[in-house]
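J.: I need the structure of the sequence given here:
(one chain, ligands or ions: 1)
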Amino acid sequence: MTPPPCAVVHPDADLLAKATAARLLTRLVDTQAARGTATIALTGGSIGTAVLGELATSPARDAVDWPHLDIWWGDERFLPTGSPDRNETGARSALLDHVNVDPARVHPMPASDGPDGDDPEAGAARYARELLAAAPKDHTSVPSFDVCLLGIGPDAHVASLFPERSALYEDERTAVSVRGAPKPPATRVTLTLAAIRRAREVWLLASGEGKADAVRLARGEANPVRVPGAGARGHTRTLFLLDRAAAHRLPRDAAAPEVP
Ligand SMILES: O=C1O[C@H](COP(=O)(O)O)[C@@H](O)[C@H](O)[C@H]1O
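T.: Presented below is the predicted three-dimensional model:
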């Protein structure tokens, strides 16, 4: 049984990005102090990338032991390596190019010019094998992300899991291809909800009025096939990290004054 999600509301998008970067830094430092390593799944999108930019310029940035951080992605646009529209490219220029990460611990999702060529199904299967190889040897097929960052679209999509699409019915595979996505580019690779739910903590990030309805639905108990964000839950904690505009349709009691 996963605990109910909590919401934390910040005045605007800029403070949301700064506060989330500070929260993430603390979570990574604490996790590495306890275990020596930490594992994160990154998101693309406006706020997700802004958080990485804030992390890169934080004065406490190098409190994180970057060489001992395992980095994965929740979804990717299936485009050539280095395309400015790839989530990986955004994450590298915002943060990863500025810190001392171990390249062997950085696990970008496949690109359309990768070893499987322009075949997103083969690319997704390759990523699922990579996840499996990094999973603890206890019958799970994906590492336990300490934090899985997710953006949320106005249609309540998370990662590249769009409402009513077949990927939302997937309960065995951990990474799948998506064709015909309603948001360009049409071809993508995404973690499934089964993989996202292996995360200890899921943090859903949203800013702006245009996300308010999606946030209200995703914070509740809607069917994830219709509201993918409602299926994204961490097994120890789920946080909605919001600005005021994105939070304004939440019921009054949704924003917990004390987050456990
Ligand atoms: O296409 C995508 O969009 C979502 C949301 O992006 P945002 O700019 O509206 O915050 C993002 O989470 C996902 O990673 C990305 O591929």
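J.: gap between the one residue in the stretch 51-200 of the chain that gets nearest to the ligand and residue 253?
T.: The nearest approach of the stretch 51-200 of the chain to the ligand comes at residue 151, 2.4 Å away (Cβ to the nearest ligand atom). In short, each C-beta sits where N, CA and C put it, glycine included. From residue 151 over to residue 253 the distance is 25 Å, taken as Cβ to Cβ, to the nearest Å.
J.: now swap in residue 242 and tell me
T.: Taking Cβ to Cβ, one finds residue 242 at 15 Å from residue 253.
J.: quick one, which of these two is more surrounded?
T.: Higher neighbour count among residue 242 and residue 253: residue 242, with 30 against 7, using other Cβ atoms under 10 Å.
J.: beta partners for the more buried one?
T.: In this entry, residue 242 is beta-bridged to residue 9, residue 206, by DSSP bridges.
J.: Now do the contacts for it.
T.: Counting by Cβ atoms under 8 Å, 6 or more residues apart in numbering, residue 242 makes contact with 7-10, 16, 205-207, 215, 250.
J.: How about the contacts made by the residue of the stretch 51-200 of the chain closest to the ligand?
T.: Contacts for residue 151 (Cβ under 8 Å, 6+ apart) come out as 43-48, 158, 204-206.
J.: swap in residue 156?
T.: Neighbouring residues of residue 156 by Cβ under 8 Å, 6+ apart: 163, 214, 217-218, 222, 226-230.
J.: List only buried entries from these.
T.: 163, 214, 217-218, 222, 227-230 (16 or more other Cβ atoms under 10 Å).
J.: Just the residues you listed: which are in helices?
T.: 214, 217-218 (DSSP state H).
J.: Those residues into CSV, with extra columns for pLDDT and distance to the ligand?
T.: Output for these, formatted as CSV (pLDDT from 0 to 100; distance: Cβ to the nearest ligand atom, whole Å):
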residue, pLDDT, distance to the ligand
214, 98, 10
217, 98, 15
218, 98, 12
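J.: Can you add distance to residue 184 and give the residues you listed back as JSON lines?
T.: What follows is those, written out as JSON lines (distance: Cβ to Cβ, whole Å):
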{"residue": "214", "distance to residue 184": "19"}
{"residue": "217", "distance to residue 184": "23"}
{"residue": "218", "distance to residue 184": "22"}
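J.: Of those, just say which sits nearest to residue 3.
T.: Closest approach to residue 3 among those (Cβ to Cβ): residue 218, at 15.8 Å.
J.: helix or strand for residue 130, which one?
T.: Residue 130 belongs to helix 120-134 when assigned by DSSP states H and E.
J.: where's that helix relative to the chain centroid, distance-wise?
T.: 17 Å (Cα atoms, centre = their mean, to the nearest Å).
J.: now swap in stretch 178-196 and tell me
T.: Distance, centroid of stretch 178-196 to centroid of chain: 13 Å (Cα atoms, centre = their mean).
J.: Repeat that for stretch 18-26.
T.: That offset, for stretch 18-26, works out to 15 Å (Cα atoms, centre = their mean).
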